[in-house]
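Enquirer: no sequence on this one, just coordinates:
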């Protein structure tokens with residue numbers, strides 16, 4: 001059993017809120033329904049990034065729920081495997097394809113930008 005299963009609980013809640021059965025989500029995400037059940041009950045950790053993205057699409061999550069979904073998965077992976085660092089799957093996928101985004105983050109890190117900087121940048125992007 002996992003030390004931390006907030007992700008599995010969230011996955012199950014969203015699936016049930018949307019009245020999607022395990023088998024329906026399994027079909028939509030191309031993932032075994034037994035595997036999804038094991039994630040939900042905490043006997044399996046959050047899945048790979050590819051499966052995470054397929055599950056999110058299968059659940060048709062809104063932006064806020066999608067962010068929570070990916071952030072909880074990364075947090076649960078970090079808690080349950082304290083030897084590694086995990087990025088949320090949606091961010092990892094985006095960064096793997098966007099060289100300028102990687103350069104921006106590296107530059108900001110080297111300059112030691114604060115949370116205030118990121119808040120301001122986010123406000124600008126939301127305009």
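Expert: Perfect, I can see it now. Since the structure is predicted, the reported quantities are computational estimates derived from the model, not experimental observations. Residues are numbered from 1 along each chain as shown.

Enquirer: lowest confidence element among the helices and strands of the protein?
Expert: helix 89-97 (a mean of 85; mean pLDDT, DSSP states H and E).

Enquirer: how about that helix: buried residues?
Expert: Residues 89, 90, 93 are the ones in helix 89-97 that count as buried (16 or more other C-beta atoms under 10 Å). For glycine as for every other residue, the C-beta is placed from the backbone atoms N, C-alpha and C.

Enquirer: show me what contacts the last one?
Expert: By that I understand residue 93. 49, 53 (C-beta atoms under 8 Å, 6 or more residues apart in numbering).

Enquirer: any idea which helix or strand carries the spatially most central residue of the chain?
Expert: In the chain, the centroid-proximal residue (C-alpha atoms, centre = their mean) is residue 70; its distance is 1.3 Å. For residue 70, the element it lies in under DSSP states H and E is helix 63-80.

Enquirer: packing partners for that helix?
Expert: The contact analysis (3 or more C-beta pairs under 8 Å, 6 or more residues apart in numbering; DSSP states H and E) places helix 63-80 against helix 6-17, helix 49-59, helix 89-97.
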